[in-house]
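1. coordinates only, sequence not included:
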């Protein structure tokens, strides 16, 4: 919950501070042009990344494989494009860090490890709950019966 406080309160204030400092250093018109250029680049990047990710995912699906790597790469590219689209220089710097291939590879590895660890925890929790509830038995009603024919 604290991360949302940081994102919604402190981050815009920091962006505004940097915008004012850059605007006073290079001028208002140049700052606005840089922000517009960043927004256009972000939109174009999101479109290109979306098409490229969809194409690679379709190829993997055609081979009968799951496109989990392509989906995560596409998600990182979309986050980078979205950060470029946001007005501000801090978000543009974060976007460039995400979009730079070596750092994106590091982020991809960290994200993959985190997803695998979370899946392991959920699997362990599920198996623990099954062990606590005992072995699963089908619904069986035990009893005795005897056959009585009408003839006898």
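-> Received, thanks. Since the structure is predicted, the reported quantities are computational estimates derived from the model, not experimental observations.
2. From the centroid of the chain, which residue is nearest?
-> In the chain, the residue lying closest to the centroid (CA atoms, centre = their mean) is residue 75, at 5.6 Å.
3. Could you tell me how far that one is located from residue 35?
-> Taking CB to CB, to the nearest Å as the measure, residue 75 falls 25 Å from residue 35. (Each C-beta comes from the backbone N, C-alpha and C, glycine too.)
4. Which strands or helices does the helix or strand hosting the residue nearest to the centre of the chain pack on?
-> Counting by DSSP states H and E, the element that carries residue 75 is helix 68-85. Using 3 or more CB pairs under 8 Å, 6 or more residues apart in numbering; DSSP states H and E as the contact test, the elements touching helix 68-85 are helix 28-62, helix 89-99, helix 101-133.
5. can you state the direction angle for the last one and helix 68-85?
-> Spelled out, it's helix 101-133. 120 degrees (axes from the mean of the first three to the mean of the last three CA atoms, to 10 degrees).
6. roughly how far out does helix 101-133 sit from the chain middle?
-> 13 Å (CA atoms, centre = their mean, to the nearest Å).
7. Flag the shaky bits of this structure, pLDDT-wise.
-> 1, 125-138, 151-152 (pLDDT under 70).
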